[in-house]
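Asks: One predicted model, sequence on top.
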Amino acid sequence: MNKSFFGRKKEVEILENALQSEEAEMVSVIGRRRVGKTFLVESTYQDKIVFKVTGIQDAPRTEQLQNFMLQIAKYSKGNFPSKQAKNWLEAFFLLTEYLDTIVGDKEKKVVFLDELPWLSTHKSGFLRGLSYFWNSWAVGQNIVVVICGSAASWMIKKVVNHRGGLHNRITRRIDLYPFTLLETAQYLKNRGIHFDHYQIIQLYMAVGGIPHYLKEIKKGESATQNINQICFSQTGLLRDEFSKLYVSLFENAENHVAVIRCLAKKRQGLTRKQIEANAKIPAGGLLSRVLEELVQSGFISAFRPFKKKKKEKIYRLTDEYSLFYLYFIENKEHEGDDIWNHLSQTQTYQTWSGYTFESICLKHIPQIKKALGISGIYSLSGSFYKKGIATEKGAQIDLLIDRNDHVINLFEIKFYRDAFALSKSYNDKLREKAQIFQKSTQTRKQIFWVFISTFGLKNNAHKGSVVAKELTMEDLFIEVN
């Protein structure tokens, strides 16, 4: 394994176990663009890979086939193929001719098919060819076949849940997610970049835990300086990444982008019906597919409102970069070298930072539960929203944890540049929220407020009167199993 490779312990273990098993293995690796799928496979397997092909985006079947044949010629040092393939069935047969010369009983070899959705063009017969390759040859060989793709929904529907020759052929599955805050800190430290946790959270709020984005961060420069360079300079990687991100993953990506845009405007999230109205996407199969693909690819998250039916999920935009781009980069005219420092003084920044910090907390619920000492207690996380009417106030709680020990934790989340001072009026609002929640849900469980903020609460007369427990950003960086 590449010594410079960082993290991904569980995923590396899955790949190594596949290599050490006594049977043929087909491993699927699924994750969004730039999350490090190819790097994970190549760093773990290195010289065990005896054939690799990467699909070409938007290329027709003829070009995909030609590329496949060229890769066989490359790995066989020109000894194969004996002819050009006319279809995928023939292409995979020619691949087996080459592999027969090197795959034996001693050391397991790896075949790596990268960006499968691009290889498998419409009605190309690629999946039939892959089925033939596995069922007629690979299944009886000392081999690992790794299939990889960024279009998560396509991979799950077409391969993992394939109803034809690939049905139940996946032996191991890896879902690769962005780094957590702790993994981000460790990744940066591994590269000699020593940021405190506040600097890391500032970076994470703008670019998320995507390794390819984090690779752009330079040592010796602050989070603000790095965000300026990566997101606002003419040569910055993320200045126009948004325009490439969704079209590289989804067919008819304008529908996906429409959902992203409407969710970016609603801090509290939207129901399916609200998305239908705001994104102008007809109800039915199309909207279902778009939402499913965005959830499975990790761009949006679905949260279950407390004691509501499953179909009433609340969808939130939880991809940090997409939200940052829509708030600060798209259609904005910026001048000077200190753009982000200026923007971080605006009201727009206050709105964005509050929303984004909430989303980050929602992604780190295992860390929050461990910090509260409730990891071993069965619980469900959710949210609560009650619309106000003329005679009754409403309330919104973005995170709650409903515990099996007859307790419900309600969370108040604040991104602040210093310790936050609770006032009497703020405490009164929290009491009122809890009363509305209790009355609306008719719960008989004990309610405890938890306050999550960057630097905790100031010690004043109002600190302990309503809030039972406080957590800081440090609690989001703790290690969980």
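Replies: Sure thing, it's come through.
Asks: For the stretch 301-450 of the chain, which residues score under the pLDDT cut-off?
Replies: Scanning the stretch 301-450 of the chain for pLDDT under 70 picks out the ranges 308-311.
Asks: Can you classify the nearest residue to A279 once chain neighbours are set aside by secondary structure?
Replies: In space, and not counting its chain neighbours, A279 is closest to A258: 4.1 Å by C-beta to C-beta, 6 or more residues apart in numbering. The C-beta positions use only the backbone N, C-alpha and C, and glycine is treated the same way. Three-state call for A258 (DSSP: H, G, I helix; E, B strand; the rest coil): helix.
Asks: same question, Y45
Replies: Y45 ends up helix, using three-state DSSP.
Asks: now the helices for the stretch 201-350 of the chain?
Replies: According to DSSP state H, counting those that start in this stretch, the stretch 201-350 of the chain carries its helices in the segments 211-214, 223-227, 241-245, 253-264, 272-279, 285-296, 320-324, 339-343, 347-363.
Asks: Tell me the bridge partners for the residue nearest to R304 when sequence neighbours are not counted.
Replies: Counting by C-beta to C-beta, 6+ apart, R304 lies nearest to G382, which is 4.9 Å off, once chain neighbours are set aside. With DSSP bridges applied, G382 shows beta-bridge pairing to L400.
Asks: Tell me who's in contact with G382.
Replies: For G382, the contacting residues are 303-306, 399-400, 402, by C-beta atoms under 8 Å, 6 or more residues apart in numbering.
Asks: swap in Q234?
Replies: For Q234, the contact set (C-beta under 8 Å, 6+ apart) is empty.
Asks: And the one 4 residues further on, by the same measure?
Replies: Neighbour list for L238: 207, 213, 216, 230-231, 321, 325, 329 [criterion: C-beta under 8 Å, 6+ apart].
Asks: at 7 Å what do you get?
Replies: Counting by C-beta atoms under 7 Å, 6 or more residues apart in numbering, L238 touches 207, 213, 230-231, 321.
Asks: Give me the pLDDT for it.
Replies: Note on L238: pLDDT of 96.
Asks: What's the separation between it and Q71?
Replies: Relative to Q71, L238 is positioned 31 Å away (C-beta to C-beta, to the nearest Å).
Asks: Just want the phi and psi numbers for E25.
Replies: Main-chain dihedrals, E25, degrees, to the nearest 10: phi -130, psi 140.
Asks: if we look at the particular helix or strand that has C148 in it, which residues are touching it?
Replies: Element membership for C148 (DSSP states H and E) is strand 143-149. Strand 143-149 is touched from outside by 18-19, 24-30, 37-38, 41, 103, 108-117, 134, 138, 155, 159, with contacts defined as C-beta under 7 Å, 6+ apart.
Asks: one step back: please, a ChimeraX command that selects the buried ones among the contacts of G382?
Replies: Burial among these is assessed by 16 or more other C-beta atoms under 10 Å; the matching ChimeraX selection reads:
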select :303,305,306,399,400,402
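Asks: and the contacts of G382 as a markdown table, adding distance to S453?
Replies: Below are these laid out as a markdown table (distance: C-beta to C-beta, whole Å):
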| residue | distance to S453 |
| --- | --- |
| F303 | 21 |
| R304 | 25 |
| P305 | 24 |
| F306 | 23 |
| L399 | 13 |
| L400 | 17 |
| D402 | 23 |
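Asks: hang on, L40 packs against K9?
Replies: No: if you go by C-beta atoms under 7 Å, L40 and K9 don't touch, sitting 11.2 Å apart.
Asks: coming back round to it: so which of the helices of the stretch 201-350 of the chain is nearest G164?
Replies: helix 285-296 (20.4 Å; C-beta to C-beta).
Asks: which outside residues touch that closest one?
Replies: Residues from elsewhere that reach helix 285-296 (C-beta under 7 Å, 6+ apart): 152-153, 156, 250, 255-256, 259, 276, 281, 300-302, 315.
Asks: which residues touch the residue positioned nearest the centre of the chain?
Replies: The residue lying closest to the centre of the chain (C-alpha atoms, centre = their mean) is G298, at 3.8 Å. Going by C-beta under 7 Å, 6+ apart, G298 touches 32, 177-178, 319.
Asks: which two in those residues are spaced the farthest apart?
Replies: Y177 and D319, at 11.8 Å, using C-beta to C-beta across these.
Asks: out of those two, which sits in the busier spot?
Replies: D319 (24 against 15; other C-beta atoms under 10 Å).
Asks: ok, now which ones touch the more buried one?
Replies: 208, 298-299.
Asks: hang on, the earlier thing: save the contacts of G298 as JSON lines, and put in distance to N87 too.
Replies: Formatted as JSON lines, the contacts of G298 follow (distance: C-beta to C-beta, whole Å):
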{"residue": "R32", "distance to N87": "31"}
{"residue": "Y177", "distance to N87": "36"}
{"residue": "P178", "distance to N87": "38"}
{"residue": "D319", "distance to N87": "38"}
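Asks: Return the item of these having minimum pLDDT.
Replies: In terms of pLDDT, the lowest of the contacts of G298 is R32, showing 87.
Asks: coming back round to it: quickly name whichever of the contacts of G298 is closest to A59.
Replies: Checking these one by one against A59 (C-beta to C-beta), the nearest turns out to be R32, at 21.1 Å.
Asks: my read: that closest one touches I300, true?
Replies: No: because the distance of 11.7 Å does not satisfy C-beta under 7 Å, R32 is recorded as not touching I300.
Asks: List the residues that contact S453.
Replies: S453 sits next to 414, 416, 420, 472 when contact means C-beta under 7 Å, 6+ apart.
Asks: Looking at the residues you listed, which is nearest R272?
Replies: Nearest to R272 among the contacts of S453: K414, at 29.3 Å, using C-beta to C-beta.
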